[in-house]
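**Q** Fold the following, please.
(2 chains, ligands or ions: 2)
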Amino acid sequence: MGRIVLDQVSKSFGDVEVIPPLNLTIEDGEFAVFVGPSGCGKSTLLRMIAGLEELTSGSIAIDDQDVTAVPPSKRGLAMVFQSYALYPHMTVRKNIGFPLRMEKMPQAEIDKRVEAAALSLNLTDYLDRKPGQLSGGQRQRVAIGRAIVRDPSAFLFDEPLSNLDAALRVGMRLEISEMHERMKTTMIYVTHDQVEAMTMANKIVVLQAGVIEQIGSPLDLYHKPQNVFVAGFIGSPKMNIFSGPEAEKFGAHTIGIRPEHTDVSMTSGTWIGRVGVAEHLGSDTFIHVHDTGLAGMITVRITGDVSVKHGDTIYLTPQAEQIHKFDAAGMRIE
Amino acid sequence: MSDRKLPRLLQTPAVLLLLVWMLVPLGMTLYFSFIRYVLNNLRRPEWTTPSPSNWRGFGNYEFVLNSKDFLLAIQNSLFIVCSILFLTIILGILIAVLINKSFPGQGIVRVLLISPFFVMPAVNAVLWINMILDPVLGLQGIAVAGLNDLIEGLRQMPVLGGFFSLWPQFEPISFRATQTSAIAVIMMVTWQWTPFAVLILMTSLQSEDQQQKEAAVLDGASTWSQFRFLTLPHLGRPIAIVVMIQAIFHLSLYAEIEIVSRGNGNKNLPYLIGEFANNNIGAASATGIFAVILANIVAIFLLRMVGKTLME
Ligand SMILES: Nc1ncnc2c1ncn2[C@@H]1O[C@H](COP(=O)(O)OP(=O)(O)O)[C@@H](O)[C@H]1O
Ligand SMILES: [Mg+2]
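**A** Residues are numbered from 1 along each chain as shown, chains lettered A, B, ... in the order given. Ligands and ions are numbered 1, 2, ... in the order given. Alright, predicted model coming up:
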């Protein structure tokens, strides 16, 4: 079990209110991702759930039990830190077994559980090494192993992949997703990378300056961003967002159109512009278009390879049903 | 010239200088330790100039080994060094952990804690033996006298007086005596060198990874377990360094021993060398060679220890 409910939770450091009161429910078995720009309070929120940071006000309940005053180790949660936070003087075996040892579990049982965790994480050959002798990905696995053996009611991850190189990050992303599919345990995952959020989450919580901008499934957020911030934050390349007379034509203060929802022609279209840079990925082509009179730069994404080059005149036509409209306050208009 | 020769050539002066710096004194000591060489001898004036014709073989070494003070000096050297190391490390860890927490007035407390280290050893010894440990005029004398007065007063009480009259009078301890002078030296040097340990260990504590501690908290580790399994291993290397440096310094203690008791019952090797050197340079040199051997044994022992902690 692992249903986590935050009720009017807020946090201030001195006079600075980092997180204004917020409500949030994470259902049992959910993979929830907190995503938002750096410094928006994701880690603080996660640390409050873990019990490492005291609440300024509000309460937290896990499985309908108020844990606001319960010490971290008694909350039944396991956390994986960005820096891995492995114990450098202990072998991998000791590291993974440490929480069990602190529970005074019999040594035979500890050994059994450590071996099992190591097997599932491909760490069996490294059990007698020290963390210093492992690669980044292996250290990450050890940190996850240390979390798994405790059999927690929820896992908390704080940007666990940001110290890994790009290729490894994709691999670990999959492994964590698979782990969730297998164990069905609640997971809360903090990241500033919207790709990680989109690929891993059941439920994404978009934060900005400590405020929840939107909660929803990845596709909810993609198709129906509630405001301009979410529209710009989710999706890669970023949505093109602009205001002005062209937006007013659609009856909105601001409109947004995703790069993949714009048709391109060399002869005719709604908007005209000049090609700045064309990025050829093979499967896709990203064209950055200047001088449209709409925004500084419009990005479009075309499937497959097209031959355009710097300086070409290009016509863009937005797919009308894919245009997102926002009012003057930046909120979505249906 | 091959590309290796030039760097070697450029290193040569420095290496030569270092060799001369170390080898000449060591060579002279060795040479003196094998000849008869005294500063004053009216019957044998030829012994007052060092010359190979006064060759004595291992005679000086035999003389030193047979002197009644030699074994005592070695024992004392080791006893003093080990006691100081033990005390400074324990106190150093306790104080460093204590002041590593943030509290008001932290800066001033830290500066005050370090200050004993800047007192000159001789001054330190004079202060301790006269103002603190003196059985009459020092703090010790005053405290013991006060305690005795207090007990005297309690004896006058109506009912409990009988109980207190069973208590003995307290006797102040003389720290210049044969049995206690080493203790006095240990106390004063410990007081002076604990700050050194605190300084090094505190620096190391500040570099301790806080996320590891948080992970340990989540893993259910108590404060003691965090200290035992995280902080102590983290301090292993700096402790080894403190032990190493202090051992080297305290094997050559001199001023404190001179001031406390003039070596009465409390000679260490350097002090014995000093005594011999009043006249018998040959014997002093032989003792010096013994001191070098002792220092090497201690150093090898310590290096092993340091090496072990570094491996972990
Ligand atoms: N211990 C602290 N003391 C004061 N301010 C803090 C502390 N921890 C975090 N903050 C501030 O709170 C804000 C949110 O921090 P954090 O939760 O780490 O952001 P994120 O993880 O989203 O990047 C930041 O502005 C940061 O400066
Ligand atoms: Mg963070």
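**Q** who touches stretch B:234-247?
**A** Contacts with stretch B:234-247, where a contact means C-beta atoms under 8 Å, 6 or more residues apart in numbering or on different chains, come from A:88-89, B:81, B:84-85, B:88-89, B:92-93, B:193, B:196-197, B:200-201, B:203-205, B:208, B:298-299, B:302-303, B:305-306, B:309-310, B:312. Just so you know, the C-beta spots here come from the backbone N, C-alpha and C atoms, and that holds for glycine as well.
**Q** ok, which residues in the stretch 1-150 of chain A are in contact with ligand 1?
**A** With C-beta under 6 Å from any ligand atom as the criterion, the stretch 1-150 of chain A meets ligand 1 at residues A:13, A:18, A:36, A:38-44.
**Q** ok, residue 214 - how many residues close by?
**A** Assuming you mean chain A. 21 (other C-beta atoms under 10 Å in any protein chain shown).
**Q** that's the wrong chain, I meant chain B
**A** Other residues close to B:Glu214 by other C-beta under 10 Å number 19.
**Q** Quick check, it in contact with A:Val80.
**A** No. B:Glu214 is beyond contact range of A:Val80, at 11.7 Å (criterion: C-beta atoms under 8 Å).
**Q** quick one: low-confidence parts of the stretch 151-300 of chain A?
**A** Counting by pLDDT under 70, the stretch 151-300 of chain A shows no low-confidence range.
**Q** For it, which segments count as helices?
**A** Using DSSP state H, counting those that start in this stretch, the helices found in the stretch 151-300 of chain A span residues A:166-183, A:194-200, A:218-223, A:228-233, A:245-248.
**Q** Against chain A, how distant is B:Thr178?
**A** Separation of B:Thr178 from chain A (C-beta to the nearest C-beta, to the nearest Å): 45 Å.
**Q** Okay, domains of the chain per the record?
**A** This is for chain A. Taking automatic domain parsing as the domain assignment, the ranges for chain A are A:4-230, A:237-333.
**Q** Oops, wrong one, chain B.
**A** Split by automatic domain parsing, chain B gives B:67-133+B:173-311, B:140-170.
**Q** just those domains: most buried one?
**A** Ranked by mean neighbour count, the domains of chain B are led by domain B:67-133+B:173-311 with a mean of 18 (mean count of other C-beta atoms under 10 Å in any protein chain shown).
**Q** Give me the contact status of that domain with ligand 1.
**A** No. For domain B:67-133+B:173-311, no contact with ligand 1 is found by C-beta under 6 Å from any ligand atom; the gap never falls below 10.4 Å.
**Q** Name the SS class of the closest residue to B:Gly265 other than its chain neighbours, please.
**A** For B:Gly265, ignoring the flanking residues on the chain, the nearest one in space by C-beta to C-beta, 6 or more residues apart in numbering or on different chains is B:Thr178 at 3.0 Å. Secondary structure assignment for B:Thr178 (DSSP: H, G, I helix; E, B strand; the rest coil): coil.
**Q** Figure out the helix or strand that the residue of the stretch 1-150 of chain B found nearest chain A lives in.
**A** Nearest residue of the stretch 1-150 of chain B to chain A: B:Ser102, at 14.6 Å (C-beta to the nearest C-beta). For B:Ser102, there is no host helix or strand (DSSP states H and E).
**Q** got the contact list for B:Pro172?
**A** B:135-136, B:140-141, B:144-145.
**Q** which one of the helices of the stretch 151-300 of chain A has the most crowded surroundings?
**A** helix A:228-233 (a mean of 22).
**Q** does A:Ala329 count as helix, strand or coil?
**A** Going by three-state DSSP: A:Ala329 is coil.
**Q** mind checking the backbone torsions on it?
**A** phi -80, psi 0 (degrees, to the nearest 10).
**Q** where's it relative to ligand 1, distance?
**A** To ligand 1, A:Ala329 is 24 Å away according to C-beta to the nearest ligand atom, to the nearest Å.
**Q** Number of residues surrounding that residue?
**A** The number of residues near A:Ala329, taken as other C-beta under 10 Å, comes to 9.
**Q** quick one: low-confidence parts of chain B?
**A** Ranges of chain B meeting pLDDT under 70: B:1-2, B:309-312.
**Q** on that earlier part again, got a markdown table for the helices of the stretch 151-300 of chain A, with distance to B:Ile273 too?
**A** Below are those laid out as a markdown table (distance: least, C-beta to C-beta, whole Å):
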| stretch | distance to B:Ile273 |
| --- | --- |
| helix A:166-183 | 63 |
| helix A:194-200 | 71 |
| helix A:218-223 | 81 |
| helix A:228-233 | 77 |
| helix A:245-248 | 94 |
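**Q** want to throw those helices into TSV with distance to ligand 1?
**A** Formatted as TSV, the helices of the stretch 151-300 of chain A follow (distance: least, C-beta to the nearest ligand atom, whole Å):
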stretch	distance to ligand 1
helix A:166-183	18
helix A:194-200	13
helix A:218-223	18
helix A:228-233	13
helix A:245-248	31
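**Q** can you give me the strands in the stretch 1-150 of chain A?
**A** Using DSSP state E, counting those that start in this stretch, the strands of the stretch 1-150 of chain A run over residues A:4-13, A:16-26, A:31-35, A:57-62, A:65-66, A:77-80.
**Q** Which one, of the ones you listed, ends up nearest to B:Met22?
**A** For B:Met22, the closest of the strands of the stretch 1-150 of chain A is strand A:77-80, at 54.1 Å, according to C-beta to C-beta.
**Q** The closest one and chain B in contact?
**A** Yes. Strand A:77-80 comes into contact with chain B (C-beta under 8 Å from any C-beta of the partner chain), by way of A:77-79.
**Q** Neighbouring strands - and their directions - for that strand?
**A** strand A:154-158 (parallel) (DSSP bridges).
**Q** What residues sit buried inside the partner strand?
**A** Within strand A:154-158, the residues that count as buried by 16 or more other C-beta atoms under 10 Å in any protein chain shown are A:154-158.
**Q** Which one of those residues is nearest to B:Gly161?
**A** The closest of the buried residues of strand A:154-158, once distances to B:Gly161 are taken by C-beta to C-beta, is A:Leu156, at 67.4 Å.
**Q** How about the contacts made by the closest residue in space to that closest one that isn't next to it in sequence?
**A** Sequence neighbours aside, A:Met79 is the residue nearest to A:Leu156 in space, at 4.3 Å (criterion: C-beta to C-beta, 6+ apart). Shown in contact with A:Met79 (C-beta under 8 Å, 6+ apart): A:46, A:50, A:52, A:147, A:155-158, B:214-215, B:218.
**Q** and the gap between the most centrally placed residue in chain B and ligand 1?
**A** Central residue of chain B (C-alpha atoms, centre = their mean): B:His250, 2.9 Å from the mean position. B:His250 sits at a distance of 43 Å from ligand 1 (criterion: C-beta to the nearest ligand atom).
**Q** now swap in A:Thr317 and tell me
**A** 38 Å.
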